[in-house]
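K.L.:
pasting the structure only:
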């Protein structure tokens, strides 16, 4: 084995170690606890209504993700901390929709490689 082969083996090992370290970092940062808030909302009739509700929620408070469904009559909000649900409810009702039951639950965001974990 000459010096070039040894250098190639060492460089390959360093690249593999770097990739493993990066994957572990991604998994650990995305496996954080989040708060999932589900709000029942009456009055949404179409996709534009869903977008309107999502915009109101995003402008009212800091959230990681928000989705609304006129079929399910609900908005699902993911955030890192508990939300001021009364302020959020008032903001949504000011736009003409009616807010019903609001539930919060803590859950772990699984992240990109969450399927690898048990």
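P.N.:
Done, it's in. This is a predicted model, so every value here is computed, not measured.
K.L.:
so where do the helices sit in this structure?
P.N.:
3-30, 47-60, 85-93 (DSSP state H).
K.L.:
dump those to TSV, plus mean neighbour count and distance to residue 107.
P.N.:
Using the backbone N, CA and C atoms, a C-beta is placed for each residue, glycine as well. Below are these laid out as TSV (neighbours: other Cβ atoms under 10 Å; distance: least, Cβ to Cβ, whole Å):
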stretch	mean neighbour count	distance to residue 107
helix 3-30	10	13
helix 47-60	16	18
helix 85-93	16	17
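K.L.:
lowest average pLDDT across those?
P.N.:
For the helices of the chain, the weakest mean pLDDT is recorded on helix 3-30, namely a mean of 83.
K.L.:
circling back to that earlier point, please produce JSON lines containing the helices of the chain, extended by distance to residue 40.
P.N.:
What follows is the helices of the chain, written out as JSON lines (distance: least, Cβ to Cβ, whole Å):
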{"stretch": "helix 3-30", "distance to residue 40": "29"}
{"stretch": "helix 47-60", "distance to residue 40": "12"}
{"stretch": "helix 85-93", "distance to residue 40": "11"}
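K.L.:
next, count neighbours for residue 44.
P.N.:
Counted by other Cβ atoms under 10 Å, the residues lying close to residue 44 total 22.
K.L.:
is it in contact with residue 68, as I believe?
P.N.:
Yes - when contacts are counted by Cβ atoms under 8 Å, residue 44 is listed as touching residue 68 (6.6 Å).
K.L.:
need the residues touching each of the two.
P.N.:
50, 53 (Cβ atoms under 8 Å, 6 or more residues apart in numbering).
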